[in-house]
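>>> Got a sequence here, can you model it:
(chains A and B)
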Number of protein chains: 2
Amino acid sequence: MSWLDLPADTGFGVDNLPYGVFSTEGTAPRTGVAVGNSVLDLAASTGDDVHATGSLNAFLARGPQAWAELRARLTGWFTDEAHRGAVEPHLVPRSEVTLHLPVEVADHVDFYSSQHHAENLGRMFRPDSAPLTPNWKHLPIGYHGRAGTVQVSRTPVVRKSGQRKAPADDAPTFGPSQRLDIEAELGFVVGTPSELGRPVPLSAFGHHVFGVCLVDDWSARDLQSWEYVPLGPFLGKSFLTSVSPWVVPLAALEAARVRPPARDATLLPYLDDTDVEPWGLDVGIEVRLNGELVSCPPFGLLYWTPAQQLAHVTVNGASLRTGDLFASGTVSGPARDQRGSFIGLSWGGREPLSLPDGTTRTFLEDGDVVTLTATAPGTGGGRISLGEVTGRVEPARAT
Amino acid sequence: MSWLDLPADTGFGVDNLPYGVFSTEGTAPRTGVAVGNSVLDLAASTGDDVHATGSLNAFLARGPQAWAELRARLTGWFTDEAHRGAVEPHLVPRSEVTLHLPVEVADHVDFYSSQHHAENLGRMFRPDSAPLTPNWKHLPIGYHGRAGTVQVSRTPVVRKSGQRKAPADDAPTFGPSQRLDIEAELGFVVGTPSELGRPVPLSAFGHHVFGVCLVDDWSARDLQSWEYVPLGPFLGKSFLTSVSPWVVPLAALEAARVRPPARDATLLPYLDDTDVEPWGLDVGIEVRLNGELVSCPPFGLLYWTPAQQLAHVTVNGASLRTGDLFASGTVSGPARDQRGSFIGLSWGGREPLSLPDGTTRTFLEDGDVVTLTATAPGTGGGRISLGEVTGRVEPARAT
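Numbers count the residues shown, from 1 in each chain, chains lettered A, B, ... in the order given. You can find the predicted model right below:
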């Protein structure tokens, strides 16, 4: 349907059109749209300076009508041969671009919305209690993360130091994390801000949220377990959160919308999505360690949808800003090979994972490369790609 | 020492010179310095556009040498009569200005650094355990707050709704918070950014931190107690955090530096301030409810200093950005009338506070006005003022 010579399994067809920020050697970062193996230079092809700012924020702030109009325009460009002459000069091979952090992150929230993940961690950390805390099925638990350390894919994952204390130790020690982990998540990017004091209902999700990226919320489990009572995770998470460079618009995920799992508890009205079209998303995530597939977390099984997360964040009147990023929390399914973290895959380090090369792994070792990819049904009948977020673990540095 | 006709007890003498953002009717917000009952228009008097941006961030990003140079220049202007003719036209009466949020907040961290406050809350919430969690004396516990809802003093405190569940209830209910509270804190504003991966040692505190403001971290205790296990406070705090409009430079607090309380636990080297000049600060906070003094929290008794807080935030390599705000957490002393929150003053609502008008108070009622002020020893021999942060509680709105 396109005059573009798209690879059959591209994942970046005309039904995807994700936005990112790119540069080529010697040029300034600007907005681009990925299509096939190319990037369309939006600043040059549209002549609109909003795409020359070096982040998506200014465009995202324009709101859903502007998003839809540009998407329709781009679809026309790529499907109607008449535009080929005007468009083709602005296509840059993806192999030649450097990708940058697509969004200046305003507030960063991380949820805990996978029942399988939360139950696994509950069983590991609080074996004498019920796996889920009493609030878990009544509200999407979340907390604020550090916005300033959200970085684009390929940022090195330098092993960080901090305090950790094993239960048997008398006092904490300081040193490089020995339980470095990933968290495989999706992240949702807010475009349209909201007013202080005005909650965003479930039905307004698509008005405020522009799109989706992959998130790897690198975690130092030993730091986290010592620090997190009573005010939650802090330094165990704040050193780095990596995001994929391409933000897939919600409009590209219409065919991926699914109903979330049945709910066990009666939801308060602001969270009750039984009578609205819900925002479960059939996105399949793949986790690769050094190139080998180790897990396939199914986002569609998430108990709390991103629309419920957004309704919860704002129900107390907290406002949204363009660039707010809220992530799902680790996505895990019921099977072992659907767990989106190594603490899950290795059951807290007690059941090492066997790798195809004959080695085993509990937590990450120096030199390990972890790559998350994801695909979802596209509106064109095939699958669209969310791209990838990857990082290589580097040894701790002397400070 | 100044040609200015300063009131004797101004608190805004030439040894203070705090920075804020102001406007007068029909003019754009710009940077000003408070002196006596006036504001010096820095944009106009210096001709430097950095002071015309509507926030302090661009000036703060210039770093400590620029801060010191401007302070020296201003001190010269206000103490040498020769400058009077050039300076006086740029003084605006403080009664005529509107004050704005002084800083675009990057990341917002809230600590929990008062031992008396933490012990009080531990006794109330976990009566069967030790009042302090095992980590409390080993690291300054903190968590990220919502940066987008930090607002300037006088922002109305609309009572917010959310989920709350009393232990005896079967299920949560939704409605306006019935336990609306304050938290009397100091906040520290970062000017100089730091590099990802590079911890900021105790000795570099003054290189990165520009100054101090008052913070009232409004809290909905009923929302907080239902949501906060296991990932920490979220909606119970995120609806509003108010800050005072004047940021007092650290340079104005040299005479207020004191040694913090003796430490009971051996500190890891990155937190050990026994051999550096510590950053305890003898700042006296006053909390007034509807004009009546109800508490005098002593900041100087804080167990963890702001320099230790900053060293902890960055020890895992997390970077700082200009505009990062980190607050102390509720400041409380050992006496009842030194507790910096109503949950402390009323012992969780069980011991109502008697007010001078014959009424009692547990948590805040609609119409209540809470005002925090603070003073500290200045370098001129008197006391300097940190100004005030105030807010009036308004009834819940239908949403």
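
>>> C-alpha only now, for contacts and for neighbours.
Fine.

>>> Where does pLDDT dip in chain A?
A:399 (pLDDT under 70).

>>> ok, and what's touching the longest helix along it?
The helix that spans the most residues within chain A, counting by DSSP state H, is helix A:64-79. Under the contact criterion Cα atoms under 8 Å, 6 or more residues apart in numbering or on different chains, helix A:64-79 has outside partners A:1-4, A:14, A:17, A:59-60, A:83-84, A:87, A:192, A:206-208, A:210.

>>> among these, which ones are buried?
Buried subset of the contacts of helix A:64-79 (neighbour count, 16 or more other Cα atoms under 10 Å in any protein chain shown): A:4, A:14, A:17, A:59-60, A:87, A:192, A:206, A:208, A:210.

>>> Enumerate the residues of the stretch 51-200 of chain A near chain B.
Within reach of chain B by Cα under 8 Å from any Cα of the partner chain, the stretch 51-200 of chain A has these residues: A:106-107, A:133, A:135, A:138, A:141-149, A:158, A:160-162, A:172-174, A:196-199.

>>> one more time with 6 Å, if that's ok
A:143-144, A:160-162 (Cα under 6 Å from any Cα of the partner chain).

>>> Taking those residues, tell me the two that lie furthest apart.
Farthest pair in these (Cα to Cα) is A:Tyr143 and A:Ser161. Separation: 22.4 Å.

>>> Now the closest residue in space to A:Thr322 that isn't next to it in sequence: phi and psi?
Nearest non-adjacent residue to A:Thr322, counting by Cα to Cα, 6 or more residues apart in numbering or on different chains: A:Gly191, 4.6 Å away. Main-chain torsions, A:Gly191, degrees, to the nearest 10: phi -100, psi -60.

>>> and if you look at A:Pro93?
Dihedral angles (degrees, to the nearest 10) for A:Pro93: phi -60, psi 130.

>>> Could you give the bridge partners of it?
The partner list for A:Pro93 in beta bridges (DSSP bridges) reads A:Ser38.

>>> Confirm for me that it is in contact with A:Val35.
No - between A:Pro93 and A:Val35 there is no contact under Cα atoms under 6 Å: 9.8 Å.

>>> So those two - more neighbours on which side?
A:Val35 (25 against 15; other Cα atoms under 10 Å in any protein chain shown).

>>> I'd like to know how far the more buried one sits from B:Val14.
Distance of A:Val35 to B:Val14, computed by Cα to Cα, to the nearest Å: 61 Å.

>>> cool, and A:Trp279?
Remark: distance between A:Trp279 and B:Val14 (Cα to Cα) = 58 Å.

>>> And for A:Asp170?
51 Å.

>>> ditto for A:Gly13
For A:Gly13, the distance to B:Val14 - Cα to Cα - is 65 Å.

>>> Can you list the residue ranges for strands in the stretch 101-250 of chain A?
A:108-111, A:142-145, A:150-152, A:157-158, A:161-164, A:173-176, A:180-181, A:184-190, A:209-216, A:219-220, A:241-243, A:248-249 (DSSP state E, counting those that start in this stretch).

>>> of all the contacts of helix A:64-79, which comes closest to B:Phe22?
Closest to B:Phe22, out of all of those and judged by Cα to Cα, is A:Thr192, at 27.6 Å.

>>> Grab the nearest non-local neighbour of the closest one.
A:His208 (4.5 Å).

>>> Could you do A:Ala265 as well?
A:Ala265's closest residue in space is A:Lys137 (Cα to Cα, 6+ apart), at 6.3 Å.

>>> what's the neighbour count on that neighbour?
By other Cα under 10 Å, the residues close to A:Lys137 number 18.

>>> The one 10 residues further on now?
A count of nearby residues for A:Ala147, using other Cα under 10 Å, gives 24.

>>> Same check on A:Asp9?
Neighbour number of A:Asp9 under other Cα under 10 Å is 12.

>>> Tell me the secondary structure of it, please.
The local conformation at A:Asp9, judged by DSSP: H, G, I helix; E, B strand; the rest coil, is coil.
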